[in-house]
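>>> Sequence and predicted structure below; questions after.
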Amino acid sequence: MIEFSELKEMPKALAKLQGEIENPKKDKKGMHNTYYATLDSVISEIKKVLSKNGFSVIQLPFNDGDNLGVETMLLHSSGEYIKSKYSMPIPNVNPQEHGKIITYYRRYALGSLFNMAPETDDDGDSAATNYNTGSKSQPNPGNPSAKPSEKQFGAMFYKVKDNSCGMDDFNNEVKPKANLAQYKWLMDNFTKQNFDGLVAKLKGGK
């Protein structure tokens, strides 16, 4: 779920902030032999420019029934804000593993919010993870061929709109055809060029 206040001053300030942010250092090797930026690295990068541009970030974990998630809010000194929530069914693991999942959600939320690429671009080939929800109602990240959920497509919708991408391409090509690996790669590396490239790939049936 994504929520906005009335936006007047914040978009201009956010454009300036994003122009100053660099991709964080990819300081850890993942299980697919690709490197990614840890949460520490992502926070270290954004803290350099947040306060001087009048921004602050709040991230809080929450338990919504059977779901575990994180709410991320970007606040501007004008009082304007952008807020999003992401959650998935709680796996039957110990609290320490829950902490790892929360860290994972926080890292991806910050990367998406500030248009950063915290992982090596591998065209989505390593999008699978070991996080198995056991739920049939949500796509399993352990299966990169699964379909993204409506919530995930909703998050992509705003990126498509903000980057002046083709809404017809989004509705006719991406939503019906994209799999979870393609969705994850695009959200981690979202640019109009990458969106157009994915559309071309889907139109070509690859």
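Nice, I can see it.
>>> Name the SS class of residue 152, please.
helix (DSSP: H, G, I helix; E, B strand; the rest coil).
>>> Count the neighbours of it for me.
18 (other CB atoms under 10 Å). All C-beta spots, glycine's among them, are computed from the backbone N, C-alpha and C.
>>> again, but for residue 150
As a measure of burial, residue 150 has 9 neighbours, counting by other CB under 10 Å.
>>> pLDDT weak spots in the chain?
In the predicted model, the chain carries pLDDT under 70 at residues 27-34, 117-143, 205-206.
>>> residue boundaries of the strands in this protein?
Using DSSP state E, the strands of the chain run over 2-4, 28-29, 35-36, 55-64, 67-76, 81-89.
>>> okay, those strands in a markdown table with distance to residue 158 next?
Listed next are the strands of the chain as a markdown table, based on distance: least, CB to CB, whole Å:
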| stretch | distance to residue 158 |
| --- | --- |
| strand 2-4 | 6 |
| strand 28-29 | 29 |
| strand 35-36 | 24 |
| strand 55-64 | 18 |
| strand 67-76 | 13 |
| strand 81-89 | 9 |
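>>> now those in JSON lines, with distance to residue 170 and mean neighbour count?
Formatted as JSON lines, the strands of the chain follow (distance: least, CB to CB, whole Å; neighbours: other CB atoms under 10 Å):
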{"stretch": "strand 2-4", "distance to residue 170": "16", "mean neighbour count": "12"}
{"stretch": "strand 28-29", "distance to residue 170": "32", "mean neighbour count": "11"}
{"stretch": "strand 35-36", "distance to residue 170": "27", "mean neighbour count": "17"}
{"stretch": "strand 55-64", "distance to residue 170": "27", "mean neighbour count": "14"}
{"stretch": "strand 67-76", "distance to residue 170": "23", "mean neighbour count": "19"}
{"stretch": "strand 81-89", "distance to residue 170": "19", "mean neighbour count": "18"}
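>>> hey, where'd the helices end up in the protein?
10-20, 39-47, 95-113, 150-162, 167-169, 175-177, 180-188, 192-203 (DSSP state H).
>>> Quick check: which of the ones you listed is buried the most?
helix 180-188 (a mean of 21; mean count of other CB atoms under 10 Å).
>>> What is that one packed up against?
Helices and strands touching helix 180-188, by 3 or more CB pairs under 8 Å, 6 or more residues apart in numbering; DSSP states H and E, are helix 95-113, helix 150-162, helix 192-203.
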